[in-house]
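Engineer: pasting the sequence and the predicted model now:
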Amino acid sequence: MKSSFKFCHLSSVICQLFIFFLLFSCSSKKQADTILHHGVVYTVDDKFSVAEAIAVKDGKIVAVGTNNDILKQYEAKEVIDLGGKTVFPGFIDAHAHFWGYGMGLQECNLVGTNSWEEIVDKLKKFSEENKEGWLVGRGWDQNDWTVKQFPSKEKLDELFPDRPVLLTRVDGHAAIVNQKALDISGVKAGDKLTGGEVEVKDGKLTGILIDNATSLVENNIPAPTAKYIKEALLDAQQNCLAVGLTTIDDCGLNYDAVEFIDSLQKSGDLKIRLYVMLSDAKKNYDYIFKKGKIKTDRLNVSSFKVYADGALGSRGACLLQPYSDKPGHYGFLLSKPEHFDSVAKVIYEHNFQMCTHAIGDSGNRTILNIYAKYLKGKNDRRWRIEHAQVINQNDFNLFGANSILPSVQPTHATSDMYWAADRLGKERVKGAYAYKQLLRQNNILPLGTDFPVEDINPLNTFYAAVARKDKKGFPEGGYQFENALSREEAIKGMTIWAAYSNFEEKEKGSIEAGKLADFVIMDKDLLKCAENEILQAKVLFTFLAGQKLYSFR
């Protein structure tokens, strides 16, 4: 009996020890808020490694690894089986106009219109639904019409003699207005200004305003209410999250817009992250130099947006030689070179980032040389050329020699390819949309869309970058395909390289422990799917700081 008791007691002790170790093993797991497992996780780290699972806590990634490692080491209330779906870092649009896009959602949408007559019909319907105030719209492009010429204002004058009309071209560098808007603004035939043109034919105003001339009318539009702006920004946020965007570079805002954005972010209404470039205006320099750089998890204000020239589509881009389809016309700089030099000096002295819109080869050369004057070789200032659209072959080296980042928008190449050679000629166009050649300069190429000039969807960016084709698959073989990016390069351009261009590569742009838990789950693997499947891919979920803010249904 005594021996039997000892055996039973020993068994009981062993059983208790087993339970203890089992409980200890369970309790020793680290706590996370969310675990995602059994996915194809493109981390976009230095090795572009692929993982299977992610653990998230307090809005940050705490671990990335295999399914076994993460599930063995962590437990969480929310555990998501990805079922083999693909995960990318949250997409970053390195050049867009978030504020303007939101405001445009409240205006007459003219994107995709195929004729002036279609625009007039859309505006008539819009006016019936919006019966008071200015009629404002955006998105027309005469290059998409059968008759590829700027329209004139006669029909607008006839239909809307008592309501001012302002319809901005898709690139934001030209507009057509009616006589009522011209009268309110005091614009007359013969008016001259730097960096803009008030078009006149046969001694009469046509209603076409190019570049700086558009502000003559825009400045007279009544300011929108706070309620209107809030609704606009929240609508924009929802659309951006739906396509996987978690950070957007808003290129060119005034400080009061920044303060409004900050208030919405602090109230929790606006969750999307914004990298805001302040517009080139004295009031903005005075404001931010006194206040200092602004940096939160959602808002970063440490740069300025400057405009060198106009756009190629409206022939406002400044070229070294005349336009091939408009002899004697070179386009123009929007300010004198002395202005660009003076702002470069003050921006450099205050250790801010300078980001300059430059389209034409002359516009680019002017800014590149001014940058070089202050940067003086390799540096970590990360000054950017926005668009870097047409570069003279003798000037590409200036990017690498002075660590200047070209920030490009691949869909511009596939939107402009139908007529770019008409503007530039067969030889000069070879230096346009030269993304691979630009990438070789610094081995970093941030990518964006320039929305609302182009569609907001970053999949269009990816497709245009790697295929160099339009949505119909034209042209076969791709447009100037020698400048196509690899799929890995395109993903980097939409994530870690974009983060780098914002000085944010240590907090976002890749899926690594310690970084913000911003990522997207997609139904297709963009690195492996067929080329013709890229544009059909869908974002299933968008996570921002570990919160599932968008889910596809």
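Structural biologist: That came through fine.

Engineer: the residue lying closest to residue 301 once chain neighbours are set aside and residue 279, how far apart?
Structural biologist: Using Cβ to Cβ, 6 or more residues apart in numbering and skipping residues adjacent in sequence, the residue nearest residue 301 is residue 294, 4.0 Å away. Every C-beta, even on glycine, is put in place using the N, C-alpha and C of the backbone. Distance from residue 294 to residue 279, counting by Cβ to Cβ, to the nearest Å: 15 Å.

Engineer: just for the stretch 451-553 of the chain, where's the confidence low?
Structural biologist: 553 (pLDDT under 70).

Engineer: my bad, the chain
Structural biologist: 1-27, 553.

Engineer: that older thread, show me what contacts the residue nearest to residue 301?
Structural biologist: For residue 294, the contacting residues are 258, 262, 288, 300-302, by Cβ atoms under 8 Å, 6 or more residues apart in numbering.

Engineer: which pair in those spans the largest distance?
Structural biologist: Spatial extent of those (Cβ to Cβ) is set by the pair 262 and 302 at 14.0 Å.

Engineer: distance between the ends of stretch 241-255?
Structural biologist: End-to-end distance of stretch 241-255 (Cα to Cα, to the nearest Å): 25 Å.

Engineer: check the offset of it from the chain's centre.
Structural biologist: With Cα atoms, centre = their mean, to the nearest Å as the basis, stretch 241-255 stands 6 Å off its chain's centre.

Engineer: and residue 328, what element?
Structural biologist: Under the criterion of DSSP states H and E, residue 328 resides outside all helices and strands.

Engineer: and the residue nearest to it when sequence neighbours are not counted, how far from residue 398?
Structural biologist: Spatially, and ignoring its direct neighbours in sequence, residue 328 is nearest to residue 322 (5.5 Å; Cβ to Cβ, 6+ apart). Look at residue 322 and residue 398: by Cβ to Cβ, they are 23 Å apart.

Engineer: which one of those two is surrounded by more residues?
Structural biologist: residue 398 (21 against 13; other Cβ atoms under 10 Å).

Engineer: which other residues reach the helix or strand where the more buried one lies?
Structural biologist: Under DSSP H and E, the secondary-structure element containing residue 398 is helix 397-401. Residues from elsewhere that reach helix 397-401 (Cβ under 8 Å, 6+ apart): 368-369, 371-372, 377-378, 385, 388, 404-406, 438, 440-442.

Engineer: who wins on neighbours among these?
Structural biologist: residue 388 (31 neighbours).

Engineer: quick one, what contacts the closest residue in space to that residue that isn't next to it in sequence?
Structural biologist: Ranked by Cβ to Cβ, 6+ apart and with sequence neighbours excluded, the top spatial neighbour of residue 388 is residue 406, at 3.7 Å. By Cβ under 8 Å, 6+ apart, the contact set of residue 406 is 384-385, 388, 399, 438, 441, 445.

Engineer: pipe these into JSON lines and attach distance to residue 543 and secondary structure per row.
Structural biologist: Shown next, in JSON lines, are those (distance: Cβ to Cβ, whole Å; DSSP: H, G, I helix; E, B strand; the rest coil):
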{"residue": "384", "distance to residue 543": "28", "secondary structure": "strand"}
{"residue": "385", "distance to residue 543": "32", "secondary structure": "strand"}
{"residue": "388", "distance to residue 543": "32", "secondary structure": "coil"}
{"residue": "399", "distance to residue 543": "34", "secondary structure": "helix"}
{"residue": "438", "distance to residue 543": "31", "secondary structure": "helix"}
{"residue": "441", "distance to residue 543": "33", "secondary structure": "helix"}
{"residue": "445", "distance to residue 543": "25", "secondary structure": "coil"}
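
Engineer: which stretches of the stretch 51-200 of the chain form helices?
Structural biologist: 67-73, 98-104, 116-129, 154-159, 179-185 (DSSP state H, counting those that start in this stretch).

Engineer: most tightly packed of those?
Structural biologist: Per residue and on average, the most neighbours among the helices of the stretch 51-200 of the chain fall to helix 98-104, with a mean of 23 (mean count of other Cβ atoms under 10 Å).

Engineer: neighbouring contacts of that one?
Structural biologist: So helix 98-104 is in contact with 138-139, 172, 224, 229, 232-237, 240, 248, 250, 253, 257, 261, 272, 274, 451-452, 456, going by Cβ under 8 Å, 6+ apart.

Engineer: please redo it, this time with the cut-off set to 7 Å
Structural biologist: 138, 232-233, 235-236, 248, 250, 253, 257, 274, 451-452, 456 (Cβ atoms under 7 Å, 6 or more residues apart in numbering).

Engineer: what of stretch 304-313?
Structural biologist: Counting by Cβ under 7 Å, 6+ apart, 141, 143, 171, 173, 210-211, 251-252, 277-280, 316-318, 331-334, 340, 343, 347, 352, 354-360, 363, 366-367, 389, 416, 420, 423 sit against stretch 304-313.

Engineer: and it, how far apart are its ends?
Structural biologist: 25 Å.

Engineer: centre of the chain to that stretch, how far?
Structural biologist: That offset, for stretch 304-313, works out to 16 Å (Cα atoms, centre = their mean).

Engineer: buried residues, that stretch. List them.
Structural biologist: 304-313 (16 or more other Cβ atoms under 10 Å).

Engineer: Three-state assignment for the residue nearest to residue 326 when sequence neighbours are not counted, please.
Structural biologist: Nearest non-adjacent residue to residue 326, counting by Cβ to Cβ, 6+ apart: residue 315, 6.0 Å away. With DSSP: H, G, I helix; E, B strand; the rest coil as the basis, residue 315 sits in coil.

Engineer: how many other residues sit next to residue 315?
Structural biologist: Neighbours around residue 315, by other Cβ under 10 Å: 22.

Engineer: go ahead and confirm it touches residue 324.
Structural biologist: No. Residue 315 is not in contact with residue 324 according to Cβ atoms under 7 Å; the separation is 10.7 Å.

Engineer: list the residues that are in contact with both of those two.
Structural biologist: With Cβ under 7 Å, 6+ apart, residue 315 and residue 324 have no common neighbours.

Engineer: end to end, how far does stretch 347-367 reach?
Structural biologist: Stretch 347-367: ends 14 Å apart by Cα to Cα.

Engineer: neighbours around the residue lying closest to residue 511 once chain neighbours are set aside, how many?
Structural biologist: Of all residues not flanking residue 511 in the chain, residue 43 sits nearest, at 4.4 Å (Cβ to Cβ, 6+ apart). Residues lying near residue 43 (other Cβ under 10 Å) number 24.

Engineer: which ones among the contacts of residue 294 map onto helices?
Structural biologist: 258, 262, 288 (DSSP state H).

Engineer: restricted to buried residues, select those residues in ChimeraX.
Structural biologist: Provided next is the ChimeraX selection string for whichever of the ones in helices among the contacts of residue 294 are buried by 16+ other Cβ under 10 Å:
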select :258,262,288
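
Engineer: TSV for the ones in helices among the contacts of residue 294, including distance to residue 494?
Structural biologist: Listed next are the ones in helices among the contacts of residue 294 as TSV, based on distance: Cβ to Cβ, whole Å:
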residue	distance to residue 494
258	24
262	26
288	28
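
Engineer: which one of the ones in helices among the contacts of residue 294 is nearest residue 51?
Structural biologist: Using Cβ to Cβ, these come closest to residue 51 at residue 262, 34.8 Å.

Engineer: how about stretch 254-270: buried residues?
Structural biologist: 255, 257-258, 260-262, 264-265, 270.

Engineer: hang on, the earlier thing: the contacts of helix 397-401 in helices, which ones?
Structural biologist: Counting by DSSP H, the contacts of helix 397-401 contribute 368-369, 371-372, 438, 440-442 to helices.

Engineer: which of the buried residues of stretch 304-313 lies closest to residue 127?
Structural biologist: For the buried residues of stretch 304-313, the nearest to residue 127 is residue 313 (26.6 Å; Cβ to Cβ).
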